[in-house]
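Peer 1: Test case, fold it:
(chains A and B)
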Amino acid sequence: MSARLFVAWFEEEDDIRAATTAAREAGFNIYDIYTPYAVHGLDEAMGLRPSRLTAVCLGFALVGLGFALGFQYWASVVSWPLNVGGKPLNSLPAFIPVTFELTVLLAGLGTVAALLVRAGLYPRRPQRFVPERVTNDRFALALAADGRFDETGARGLCRRAGAVETAFAEAC
Amino acid sequence: MSHAHRSSLRPPLVTAERTLAEITEEICAPLDRRPGLAWWSAFVVAFSAFMLGAYCIYLLLSKGVGVWGLNKTVGWGFDITNFVFWIGIGHAGTLISAILFLFRQKWRTAVNRAAEAMTIFAVCTAGLFPILHMGRPWLAFWALPYPNTRGSLWVNFRSPLLWDVFAISTYLIISAVFWYIGLLPDLATARDRATNRVQRGVYGVLALGWNGSHRTWSRYETVYMLLAALATPLVLSVHSIVSMDFATAVLPGWHATIFPPYFVAGAVFSGFAMVLTLMIIVRRVLAWEHLITIKHLENMAKIIIVTGGIVGVAYATEFFTAWYSGNPNERFAFMNRIGGPYAWSYWTMVSCNVLAPQLMWFKRLRTSPVALFALSLVINVGMWFERFVIIVTSLHRDLIPSSWVMYHPSWVEIGTLLGSFGMFFTFFLLFTRVLPMVSIGEVKGVLGESRVRLRPVEPERAVA
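Peer 2: Now for the predicted structure:
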């Protein structure tokens, strides 16, 4: 699946924010934005919804919590009940530290795994579209240039917002 | 990020005029250069110490624990002292990367990468000691609850020593993941500027196809915040659990409810001292005084004053509690600390941890890299002795006077201690050669802090 894109490069984060807002208001289909660092305010400009990864994190945390508590209970009470210094078999308060650690471990690993899957980040990913210099010092706005794409309108809009360069590109 | 809080009251975090491209080049420059004489001399010293440590560990494994100076009364000596010391060092890294992130302390951007690396290497170094302490380290996996042919006979989940296994391994894994996730954008930067094929290939694989997409950035920021929120209670739990190894014992001098917060404060205190030691060297060697500024050093010095104060209060509280408890054994344990055969180690600890940091109240000293460097070394000596005092002076004269003895470390234990420093610094020096030592993406984000842009914005034109 490849998409034809119109890419405009900017040199200031304020410019890319202005250009994104303008393009969205003018009804262009924003494919993506490429920036060297996390520019705040672009979520709103692009109209992105808040990430649902927080829910994933909570889910994994609950799995870790349940698993750790369940396993400790099962191992200490059901599988091999062992009297240690006369303490109750189900020593719940003493099980909390391990439960806490496993909750954090699973929540952390699960969230990161979900990020990598959702953002498609994996080693040797073939031919990912990286506009020139966006990991260094430039900001790029990519508009989907399919069908009835208003090239003059887009170019004018980006120039007015301070674009230093525009071009067409193919992304896969 | 950079223009959100512009204020003339807020001093810039990067104190020299730099463009984004200049920041990239400056931070990536050490990856291309051949190391200089300073690096090689440091590496030779660190690696030799590392190898000495490796030889001492070989002696331990081939001959047995008899090569150490431990005896029946003092069963924990240098080994556990080193373990607690190194785990503590790690804590500053997580504090900088997670807690300061949650508090929106933007000055952390210049030091978080190196501090997180320090955490990982310190936890690796620390992890070695309990394993060696076991005497038969090849059976270390017995500490894990795995299905075995003995029943399955499970581990005792009520034991703080087992909590330690879980706490330390979780801490190591989560710190490493946090560090790697933070590195992703910078690995992509390194990949895209690399000129030779090896660099391009290695950074290319490690960067996982990062392309600066804002859809990814947006999710990435969410995940980074979640990890910070998870790492914050984690780091507080780790040294609390380490302290429970002592606090749940009935031994006077160990059996204290104050231990968890006291250990955490001590850990942050020593960790920041180690960050200062490393950062002062790094900024000097690489001429990064505008990235890791005096302001950064001063902020860390302030955290040291606070945590050092907490440690001092904890020392006093221990004494008060021993006296107030009316328990003769408890009172004896503390009188033995200040006046017994190991009094020298107690007073070393007090001078280094309580008295020396007070010098940082003077602005001239806390803004002088030379003074801070000297103080940071003093504090680390003091914090090593704190663990030594807690462990050895409590054990060597326990509840049965007939078992009282002295503990003298053997040369093998001293060699292992030197080796642990060697291992830590070897890893750190290698890290400075192969990965961006300062977070490029985050520094770029704060570059505009308190700066007015050169080209005026024209709002009516910007909205087409």
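Peer 1: how about the nearest residue to A:A107, chain neighbours excluded?
Peer 2: A:A61 (3.8 Å; C-beta to C-beta, 6 or more residues apart in numbering or on different chains). For the C-beta atoms, the positions are set from N, CA and C on the backbone; glycine is no exception.
Peer 1: what about that neighbour, how many neighbours?
Peer 2: 21 (other C-beta atoms under 10 Å in any protein chain shown).
Peer 1: thinking it is in contact with A:G108, fair?
Peer 2: No - using C-beta atoms under 8 Å, A:A61 is not in contact with A:G108, being 9.0 Å away.
Peer 1: and B:W217, how many neighbours?
Peer 2: For B:W217, using other C-beta under 10 Å, the count is 25.
Peer 1: now it: how far from A:Y73?
Peer 2: 42 Å (C-beta to C-beta, to the nearest Å).
Peer 1: buried sites along stretch B:41-51?
Peer 2: B:42-43, B:46-47, B:49-50 (16 or more other C-beta atoms under 10 Å in any protein chain shown).
Peer 1: got it, and stretch B:415-433?
Peer 2: Buried residues in stretch B:415-433 (16+ other C-beta under 10 Å): B:415-429, B:431-432.
Peer 1: what does stretch B:167-184 give?
Peer 2: B:167-172, B:174-179, B:181-184.
Peer 1: swap in stretch B:190-201?
Peer 2: B:190-194, B:199.
Peer 1: mean confidence for that stretch?
Peer 2: Across stretch B:190-201, pLDDT averages out at 88.
Peer 1: Grab the CA positions of that stretch and hand them over as PDB.
Peer 2: C-alpha atoms of stretch B:190-201 as PDB (Å, rounded to 0.1, in the frame of the first residue of the first chain):
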ATOM      1  CA  ALA B 190      22.200   8.800  14.900                       C
ATOM      2  CA  ARG B 191      21.100   6.500  12.100                       C
ATOM      3  CA  ASP B 192      20.100   9.300   9.800                       C
ATOM      4  CA  ARG B 193      23.400  11.200  10.200                       C
ATOM      5  CA  ALA B 194      25.700   8.200  10.200                       C
ATOM      6  CA  THR B 195      28.200   8.100   7.300                       C
ATOM      7  CA  ASN B 196      29.700   4.700   7.800                       C
ATOM      8  CA  ARG B 197      27.800   1.400   7.100                       C
ATOM      9  CA  VAL B 198      28.400  -0.200  10.500                       C
ATOM     10  CA  GLN B 199      26.900   2.800  12.400                       C
ATOM     11  CA  ARG B 200      24.000   3.000  10.000                       C
ATOM     12  CA  GLY B 201      23.200  -0.700  10.300                       C
END
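Peer 1: Quick one: residues contacting B:T189.
Peer 2: A:36, A:135-136, B:24, B:28, B:436, B:440-441 (C-beta atoms under 8 Å, 6 or more residues apart in numbering or on different chains).
Peer 1: same thing but at 7 Å, please
Peer 2: With contact set as C-beta atoms under 7 Å, 6 or more residues apart in numbering or on different chains, B:T189 has these partners: A:135-136, B:24, B:440.
Peer 1: mind checking how far it is from B:T216?
Peer 2: From B:T189 to B:T216 the distance is 14 Å (C-beta to C-beta).
Peer 1: next one: B:P137
Peer 2: Distance from B:P137 to B:T216, by C-beta to C-beta: 42 Å.
Peer 1: More neighbours: the two, which one.
Peer 2: Neighbour count, other C-beta under 10 Å: between B:P137 and B:T216, B:T216 has more, with 22 against 15.
Peer 1: The more buried one: what secondary structure?
Peer 2: Three-state call for B:T216 (DSSP: H, G, I helix; E, B strand; the rest coil): helix.
Peer 1: so what's it up against?
Peer 2: Taking C-beta under 7 Å, 6+ apart, we find B:T216 in contact with A:A119.
Peer 1: Pull the contacting residues for B:V354.
Peer 2: For B:V354, counting by C-beta under 7 Å, 6+ apart, the contacting residues are B:312, B:315.
Peer 1: repeat for B:T109
Peer 2: B:439, B:442-443, B:446.
Peer 1: cool, and A:T166?
Peer 2: So A:T166 contacts A:6-8, A:155, A:158 (C-beta under 7 Å, 6+ apart).
Peer 1: Just flag the most distant two among the buried residues of stretch B:190-201.
Peer 2: The two members of the buried residues of stretch B:190-201 with the most space between them (C-beta to C-beta) are B:D192 and B:Q199, at 10.7 Å.
Peer 1: how about TSV for the contacts of B:T109, with secondary structure and neighbour count added?
Peer 2: Shown next, in TSV, are the contacts of B:T109 (DSSP: H, G, I helix; E, B strand; the rest coil; neighbours: other C-beta atoms under 10 Å in any protein chain shown):
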residue	secondary structure	neighbour count
B:S439	coil	25
B:E442	helix	23
B:V443	helix	25
B:V446	helix	21
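Peer 1: now those residues as JSON lines including distance to chain A?
Peer 2: Below are those laid out as JSON lines (distance: C-beta to the nearest C-beta, whole Å):
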{"residue": "B:S439", "distance to chain A": "9"}
{"residue": "B:E442", "distance to chain A": "7"}
{"residue": "B:V443", "distance to chain A": "8"}
{"residue": "B:V446", "distance to chain A": "9"}
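Peer 1: Residue 149 in helix, strand or coil?
Peer 2: This is for chain A. coil.
Peer 1: not quite, I wanted chain B
Peer 2: coil.
Peer 1: Over to the one 4 residues further on?
Peer 2: At B:L153, secondary structure determined by three-state DSSP is coil.
Peer 1: swap in A:E170?
Peer 2: Classified using three-state DSSP, A:E170 is strand.
Peer 1: try A:P88
Peer 2: Assignment for A:P88 (three-state DSSP): coil.
Peer 1: quick one on the thing from earlier: just the buried residues of stretch B:190-201 that are near chain A?
Peer 2: Filtering the buried residues of stretch B:190-201 for neighbours of chain A using C-beta under 7 Å from any C-beta of the partner chain leaves B:192-193.
Peer 1: Of the buried residues of stretch B:190-201, which belong to helices?
Peer 2: B:190-193, B:199 (DSSP state H).
Peer 1: and which of those residues is nearest chain A?
Peer 2: B:D192 (4.6 Å; C-beta to the nearest C-beta).
Peer 1: picking up where we left off before, please identify which of the buried residues of stretch B:190-201 is nearest to B:K302.
Peer 2: Using C-beta to C-beta, the buried residues of stretch B:190-201 come closest to B:K302 at B:A190, 33.2 Å.
Peer 1: check contacts around that closest one.
Peer 2: B:28, B:31, B:203, B:436.
Peer 1: Of those, which is the most crowded?
Peer 2: B:P436 (24 neighbours).
Peer 1: and the residue nearest to that one when sequence neighbours are not counted, what element?
Peer 2: Excluding its sequence neighbours, the residue lying closest to B:P436 (C-beta to C-beta, 6+ apart) is B:D186, at 4.6 Å. B:D186 is located in helix B:160-193, with elements delineated by DSSP states H and E.
Peer 1: want to throw the buried residues of stretch B:41-51 into TSV with pLDDT, secondary structure and distance to chain A?
Peer 2: Formatted as TSV, those follow (pLDDT from 0 to 100; DSSP: H, G, I helix; E, B strand; the rest coil; distance: C-beta to the nearest C-beta, whole Å):
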residue	pLDDT	secondary structure	distance to chain A
B:A42	91	helix	30
B:F43	93	helix	30
B:A46	95	helix	31
B:F47	97	helix	30
B:A49	97	helix	32
B:F50	97	helix	30
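Peer 1: could I get those residues as JSON lines with distance to B:F157?
Peer 2: Conversion of the buried residues of stretch B:41-51 to JSON lines gives the following (distance: C-beta to C-beta, whole Å):
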{"residue": "B:A42", "distance to B:F157": "44"}
{"residue": "B:F43", "distance to B:F157": "43"}
{"residue": "B:A46", "distance to B:F157": "39"}
{"residue": "B:F47", "distance to B:F157": "40"}
{"residue": "B:A49", "distance to B:F157": "38"}
{"residue": "B:F50", "distance to B:F157": "36"}
